[in-house]
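S.K.: Sharing a model that was predicted from the sequence below.
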Number of protein chains: 2
Amino acid sequence: MPVPDDDISGRFAYEGLDRLIHEKARLGILTSLIRESSAGLTFNELKDRCALTDGNLSRHLNLLEEGGLVRIEKGNRNNRPLTTVHLTDAGRTRFHEYLNILEAVLKDALPADSAVPSPATRPAFSS
Amino acid sequence: MPVPDDDISGRFAYEGLDRLIHEKARLGILTSLIRESSAGLTFNELKDRCALTDGNLSRHLNLLEEGGLVRIEKGNRNNRPLTTVHLTDAGRTRFHEYLNILEAVLKDALPADSAVPSPATRPAFSS
(Lines give C-alpha, C1' and ligand atoms only; values in the text may rest on other atoms or scores of the structure.)
Protein backbone atom coordinates (compact mmCIF):
# COMPACT_ATOMS: atom_id res chain seq x y z
CA MET A 1 0.00 0.00 0.00
CA PRO A 2 1.74 3.17 -1.21
CA VAL A 3 0.07 5.66 1.14
CA PRO A 4 1.86 6.58 4.36
CA ASP A 5 -0.18 5.89 7.48
CA ASP A 6 -0.21 9.57 8.43
CA ASP A 7 -2.72 10.21 5.67
CA ILE A 8 -5.09 7.51 6.88
CA SER A 9 -4.73 7.53 10.65
CA GLY A 10 -8.09 8.53 12.13
CA ARG A 11 -9.34 9.26 8.62
CA PHE A 12 -12.64 7.46 9.22
CA ALA A 13 -13.35 8.48 12.81
CA TYR A 14 -15.79 11.19 11.68
CA GLU A 15 -15.63 13.07 14.96
CA GLY A 16 -17.95 15.72 13.50
CA LEU A 17 -20.90 13.32 13.36
CA ASP A 18 -22.57 14.97 16.35
CA ARG A 19 -24.43 12.24 18.25
CA LEU A 20 -27.26 14.59 19.16
CA ILE A 21 -27.97 15.08 15.45
CA HIS A 22 -26.93 11.66 14.09
CA GLU A 23 -29.70 9.70 15.83
CA LYS A 24 -32.17 8.62 13.14
CA ALA A 25 -35.35 10.22 14.52
CA ARG A 26 -33.60 13.50 15.35
CA LEU A 27 -32.00 13.56 11.89
CA GLY A 28 -35.51 13.33 10.44
CA ILE A 29 -36.83 16.08 12.73
CA LEU A 30 -33.99 18.45 11.83
CA THR A 31 -34.30 17.67 8.13
CA SER A 32 -38.01 18.48 8.30
CA LEU A 33 -37.32 21.75 10.09
CA ILE A 34 -34.45 22.99 7.93
CA ARG A 35 -36.76 22.98 4.91
CA GLU A 36 -39.18 25.34 6.61
CA SER A 37 -39.25 29.10 6.88
CA SER A 38 -38.96 30.74 10.29
CA ALA A 39 -42.62 29.82 10.87
CA GLY A 40 -41.44 26.32 11.81
CA LEU A 41 -43.68 23.30 12.11
CA THR A 42 -46.38 22.35 14.57
CA PHE A 43 -45.93 19.37 16.87
CA ASN A 44 -48.53 17.43 14.87
CA GLU A 45 -46.95 18.24 11.52
CA LEU A 46 -43.59 16.97 12.79
CA LYS A 47 -45.20 13.87 14.27
CA ASP A 48 -46.77 13.07 10.91
CA ARG A 49 -43.74 13.81 8.74
CA CYS A 50 -41.36 11.84 10.93
CA ALA A 51 -43.80 9.04 11.75
CA LEU A 52 -43.12 9.34 15.49
CA THR A 53 -45.39 8.81 18.48
CA ASP A 54 -46.22 11.74 20.77
CA GLY A 55 -43.90 10.36 23.43
CA ASN A 56 -40.97 9.78 21.13
CA LEU A 57 -41.27 13.15 19.44
CA SER A 58 -41.50 14.91 22.82
CA ARG A 59 -38.43 13.12 24.11
CA HIS A 60 -36.34 13.94 21.03
CA LEU A 61 -37.55 17.56 20.95
CA ASN A 62 -36.58 18.01 24.60
CA LEU A 63 -33.07 16.75 23.85
CA LEU A 64 -32.78 19.05 20.84
CA GLU A 65 -34.07 22.00 22.89
CA GLU A 66 -31.61 21.27 25.70
CA GLY A 67 -28.86 21.25 23.08
CA GLY A 68 -30.01 24.62 21.79
CA LEU A 69 -30.86 23.30 18.33
CA VAL A 70 -34.60 24.00 18.39
CA ARG A 71 -36.97 26.42 20.10
CA ILE A 72 -40.35 25.17 21.23
CA GLU A 73 -43.19 27.67 21.46
CA LYS A 74 -46.43 26.90 23.24
CA GLY A 75 -49.25 29.13 22.09
CA ASN A 76 -52.86 29.03 21.01
CA ARG A 77 -54.71 28.95 17.72
CA ASN A 78 -58.50 29.19 17.66
CA ASN A 79 -58.53 28.82 21.46
CA ARG A 80 -56.71 25.49 21.25
CA PRO A 81 -53.18 24.93 22.50
CA LEU A 82 -50.68 24.85 19.65
CA THR A 83 -47.02 23.84 19.97
CA THR A 84 -44.68 25.00 17.24
CA VAL A 85 -41.05 24.02 16.77
CA HIS A 86 -38.38 26.17 15.14
CA LEU A 87 -34.77 25.53 14.23
CA THR A 88 -32.56 28.05 16.04
CA ASP A 89 -29.79 29.91 14.22
CA ALA A 90 -27.24 27.88 16.17
CA GLY A 91 -29.14 24.72 15.27
CA ARG A 92 -29.06 25.61 11.60
CA THR A 93 -25.29 26.19 11.76
CA ARG A 94 -24.62 22.96 13.65
CA PHE A 95 -26.85 20.97 11.34
CA HIS A 96 -25.04 22.35 8.30
CA GLU A 97 -21.72 21.36 9.87
CA TYR A 98 -23.08 17.87 10.44
CA LEU A 99 -24.36 17.65 6.86
CA ASN A 100 -20.90 18.60 5.58
CA ILE A 101 -19.45 15.58 7.39
CA LEU A 102 -22.21 13.41 6.02
CA GLU A 103 -21.26 14.54 2.52
CA ALA A 104 -17.65 13.62 3.27
CA VAL A 105 -18.72 10.14 4.40
CA LEU A 106 -20.59 9.65 1.13
CA LYS A 107 -17.59 10.79 -0.88
CA ASP A 108 -15.35 8.44 1.08
CA ALA A 109 -17.70 5.50 0.68
CA LEU A 110 -18.72 6.13 -2.91
CA PRO A 111 -15.61 7.00 -4.91
CA ALA A 112 -16.45 8.60 -8.25
CA ASP A 113 -15.46 5.46 -10.15
CA SER A 114 -17.60 3.04 -8.17
CA ALA A 115 -20.54 1.43 -9.90
CA VAL A 116 -23.25 2.07 -7.37
CA PRO A 117 -26.92 1.98 -8.25
CA SER A 118 -28.38 5.46 -7.96
CA PRO A 119 -31.04 6.02 -5.31
CA ALA A 120 -34.63 5.54 -6.35
CA THR A 121 -36.08 8.75 -7.69
CA ARG A 122 -38.05 10.41 -4.96
CA PRO A 123 -41.27 12.27 -5.65
CA ALA A 124 -40.77 16.00 -6.00
CA PHE A 125 -42.20 17.92 -3.08
CA SER A 126 -42.25 21.61 -2.29
CA SER A 127 -42.95 22.95 1.17
CA MET B 1 -49.55 24.95 2.69
CA PRO B 2 -50.47 23.77 -0.83
CA VAL B 3 -49.14 20.22 -0.57
CA PRO B 4 -51.52 17.47 0.50
CA ASP B 5 -50.41 15.62 3.59
CA ASP B 6 -50.18 12.34 1.72
CA ASP B 7 -46.99 13.55 0.07
CA ILE B 8 -45.35 14.40 3.38
CA SER B 9 -46.66 11.85 5.82
CA GLY B 10 -43.73 9.77 7.04
CA ARG B 11 -41.54 11.50 4.46
CA PHE B 12 -38.71 12.04 6.98
CA ALA B 13 -38.87 8.77 8.92
CA TYR B 14 -35.95 7.31 6.93
CA GLU B 15 -36.77 3.73 7.83
CA GLY B 16 -33.88 2.57 5.64
CA LEU B 17 -31.27 4.08 7.96
CA ASP B 18 -30.29 0.65 9.31
CA ARG B 19 -29.28 1.15 12.96
CA LEU B 20 -26.57 -1.49 12.71
CA ILE B 21 -24.85 0.61 10.05
CA HIS B 22 -25.85 4.12 11.16
CA GLU B 23 -23.88 4.05 14.44
CA LYS B 24 -20.91 6.39 14.01
CA ALA B 25 -18.05 3.96 14.68
CA ARG B 26 -19.60 1.22 12.54
CA LEU B 27 -20.21 3.72 9.75
CA GLY B 28 -16.48 4.49 9.83
CA ILE B 29 -15.53 0.81 9.85
CA LEU B 30 -17.77 0.01 6.88
CA THR B 31 -16.57 3.07 4.97
CA SER B 32 -12.96 1.96 5.52
CA LEU B 33 -13.76 -1.54 4.31
CA ILE B 34 -15.81 -0.65 1.24
CA ARG B 35 -12.79 1.18 -0.20
CA GLU B 36 -10.66 -1.94 -0.03
CA SER B 37 -10.29 -4.84 -2.40
CA SER B 38 -11.28 -8.32 -1.28
CA ALA B 39 -8.02 -8.44 0.71
CA GLY B 40 -9.78 -6.46 3.44
CA LEU B 41 -8.02 -4.72 6.30
CA THR B 42 -6.20 -6.02 9.33
CA PHE B 43 -7.57 -5.37 12.81
CA ASN B 44 -4.75 -2.90 13.45
CA GLU B 45 -5.29 -1.02 10.21
CA LEU B 46 -8.98 -0.62 11.07
CA LYS B 47 -8.16 0.44 14.62
CA ASP B 48 -5.85 3.14 13.30
CA ARG B 49 -8.09 4.43 10.51
CA CYS B 50 -11.18 4.60 12.72
CA ALA B 51 -9.36 5.80 15.86
CA LEU B 52 -10.95 3.10 18.00
CA THR B 53 -9.64 1.19 20.99
CA ASP B 54 -9.12 -2.57 20.77
CA GLY B 55 -12.19 -3.16 22.91
CA ASN B 56 -14.46 -0.85 20.97
CA LEU B 57 -13.36 -2.16 17.60
CA SER B 58 -13.85 -5.76 18.75
CA ARG B 59 -17.32 -5.01 20.04
CA HIS B 60 -18.42 -3.29 16.84
CA LEU B 61 -16.87 -5.97 14.62
CA ASN B 62 -18.71 -8.68 16.53
CA LEU B 63 -22.00 -6.89 15.97
CA LEU B 64 -21.23 -6.45 12.26
CA GLU B 65 -20.24 -10.12 11.97
CA GLU B 66 -23.42 -11.26 13.75
CA GLY B 67 -25.36 -9.15 11.26
CA GLY B 68 -23.56 -10.82 8.36
CA LEU B 69 -21.97 -7.59 7.14
CA VAL B 70 -18.33 -8.54 7.70
CA ARG B 71 -16.26 -11.71 7.82
CA ILE B 72 -13.43 -11.95 10.34
CA GLU B 73 -10.51 -14.22 9.54
CA LYS B 74 -7.96 -15.25 12.13
CA GLY B 75 -4.72 -16.35 10.55
CA ASN B 76 -0.98 -15.96 10.84
CA ARG B 77 1.64 -13.84 9.15
CA ASN B 78 5.33 -14.39 9.95
CA ASN B 79 4.32 -16.70 12.78
CA ARG B 80 2.28 -13.97 14.45
CA PRO B 81 -1.50 -14.03 14.74
CA LEU B 82 -3.16 -11.76 12.22
CA THR B 83 -6.85 -10.86 12.15
CA THR B 84 -8.25 -9.56 8.88
CA VAL B 85 -11.71 -8.15 8.27
CA HIS B 86 -13.62 -8.29 4.99
CA LEU B 87 -16.89 -6.81 3.86
CA THR B 88 -19.23 -9.63 2.79
CA ASP B 89 -21.21 -9.43 -0.45
CA ALA B 90 -24.39 -9.04 1.59
CA GLY B 91 -22.66 -6.34 3.63
CA ARG B 92 -21.67 -4.45 0.51
CA THR B 93 -25.26 -4.58 -0.76
CA ARG B 94 -26.76 -3.47 2.55
CA PHE B 95 -24.21 -0.69 2.93
CA HIS B 96 -25.00 0.59 -0.56
CA GLU B 97 -28.70 0.57 0.30
CA TYR B 98 -27.92 2.56 3.44
CA LEU B 99 -25.78 5.03 1.49
CA ASN B 100 -28.64 5.60 -0.93
CA ILE B 101 -30.85 6.69 1.98
CA LEU B 102 -28.07 8.90 3.26
CA GLU B 103 -27.94 10.59 -0.14
CA ALA B 104 -31.69 11.11 0.04
CA VAL B 105 -31.33 12.74 3.48
CA LEU B 106 -28.73 15.13 2.08
CA LYS B 107 -30.95 16.00 -0.87
CA ASP B 108 -33.88 16.59 1.49
CA ALA B 109 -31.83 18.74 3.84
CA LEU B 110 -29.84 20.63 1.25
CA PRO B 111 -32.18 21.68 -1.54
CA ALA B 112 -30.32 22.75 -4.68
CA ASP B 113 -31.15 26.40 -4.10
CA SER B 114 -29.93 26.61 -0.51
CA ALA B 115 -26.83 28.67 0.22
CA VAL B 116 -24.83 26.19 2.22
CA PRO B 117 -21.10 26.47 2.70
CA SER B 118 -19.36 23.64 0.88
CA PRO B 119 -17.46 21.09 2.96
CA ALA B 120 -13.82 21.78 3.62
CA THR B 121 -11.67 20.28 0.93
CA ARG B 122 -10.33 16.99 2.16
CA PRO B 123 -6.86 15.78 1.28
CA ALA B 124 -6.84 13.47 -1.70
CA PHE B 125 -6.09 9.90 -0.78
CA SER B 126 -5.96 6.76 -2.84
CA SER B 127 -6.14 3.31 -1.33
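M.R.: It's in.
S.K.: average model confidence for the strand or helix carrying A:D48?
M.R.: Here A:D48, judged by DSSP states H and E, is contained in helix A:43-50. Across helix A:43-50, pLDDT averages out at 97.
S.K.: and if you look at stretch A:24-38?
M.R.: Stretch A:24-38 comes out at a mean pLDDT of 94.
S.K.: cool, stretch A:83-103 as well?
M.R.: Across stretch A:83-103, pLDDT averages out at 96.
S.K.: Identify, by residue count, the longest helix of chain A.
M.R.: What stands out as the longest helix in chain A, according to DSSP state H, is helix A:89-109.
S.K.: Packing partners of that helix?
M.R.: helix A:19-22, helix A:24-34, helix B:24-34, helix B:89-109 (3 or more C-beta pairs under 8 Å, 6 or more residues apart in numbering or on different chains; DSSP states H and E). Heads up, the C-betas are built off the backbone N, CA and C, glycines and all.
S.K.: Using TSV, please lay out those helices together with distance to B:L63 and mean neighbour count.
M.R.: Below are the helices and strands packed on helix A:89-109 laid out as TSV (distance: least, C-beta to C-beta, whole Å; neighbours: other C-beta atoms under 10 Å in any protein chain shown):
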stretch	distance to B:L63	mean neighbour count
helix A:19-22	17	17
helix A:24-34	17	23
helix B:24-34	7	23
helix B:89-109	12	18
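S.K.: returning to what we had before: go ahead and name everything in contact with the helix holding A:D48.
M.R.: A:25, A:28-29, A:32-33, A:41, A:52-54, A:57, A:61, A:82-85, B:5, B:8-13 (C-beta atoms under 8 Å, 6 or more residues apart in numbering or on different chains).
S.K.: the inter-axis angle of the very next helix or strand once past that helix versus helix A:24-34?
M.R.: Moving toward the C-terminus from helix A:43-50, the next helix or strand (DSSP H and E) is helix A:54-66. Angle, helix A:54-66 to helix A:24-34, by axes from the mean of the first three to the mean of the last three C-alpha atoms, to 10 degrees: 70 degrees.
S.K.: mind checking how far helix A:54-66 is from the chain centre?
M.R.: Distance of helix A:54-66 from the chain centroid (C-alpha atoms, centre = their mean, to the nearest Å) equals 14 Å.
S.K.: that older thread, I would like a PyMOL command selecting only the buried ones among the contacts of helix A:43-50, please.
M.R.: Selection of buried members from these for PyMOL, criterion 16 or more other C-beta atoms under 10 Å in any protein chain shown:
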select buried, (chain A and resi 25+28+29+32+33+41+52+57+61+83+84+85) or (chain B and resi 8+11+12+13)
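S.K.: center of chain A, which residue is that?
M.R.: In chain A, the centroid-proximal residue (C-alpha atoms, centre = their mean) is A:L27; its distance is 3.1 Å.
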